[in-house]
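Student: I'll drop the sequence and a predicted model, then ask my questions.
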Amino acid sequence: MNLSEIKYGQKATVVKVCDNELSLKLMEMGLLPGETVSLENIAPFGDPIAIRVGEYKMCLRLEDASFIEIKLTS
């Protein structure tokens, strides 16, 4: 499952980032494999989304979120 498919309020664990260039940028911002993320907000037209990573929020375009593989947690 990709991060772009997550529903509001769901929590997930990052498995990997499939785009090397994007992977480096996200790792610098703290989005690493094994981190828990949750969908916090969705823009009025559905793009971008805001996710919670640890103790902060990060906004991502859906296109970028589609490169992030996740595993849903309960």
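Tutor: Everything's here; your move. None of the values given here were measured: they were computed from a predicted structure. Numbering: from 1, shown residues only.
Student: hey, let's count contacts and neighbours off CA atoms from now on
Tutor: OK.
Student: Next up, the contacts around residue 49.
Tutor: 39-43, 59-62 (CA atoms under 8 Å, 6 or more residues apart in numbering).
Student: Could you report the neighbour count for the nearest residue to it once chain neighbours are set aside?
Tutor: Nearest residue to residue 49 in three dimensions, chain neighbours excluded: residue 42, at 4.6 Å (CA to CA, 6 or more residues apart in numbering). Around residue 42 there are 15 other residues, counting by other CA atoms under 10 Å.
Student: Would you mind measuring from residue 42 to residue 58?
Tutor: Distance from residue 42 to residue 58, counting by CA to CA, to the nearest Å: 12 Å.
Student: Need the overlap of contacts for these two.
Tutor: Common neighbours of residue 42 and residue 58 (CA under 8 Å, 6+ apart) are residue 50.
Student: quick one: residue 15 and residue 70 touch, right?
Tutor: Yes: in this structure, residue 15 is within contact of residue 70 by CA atoms under 8 Å, at 5.0 Å.
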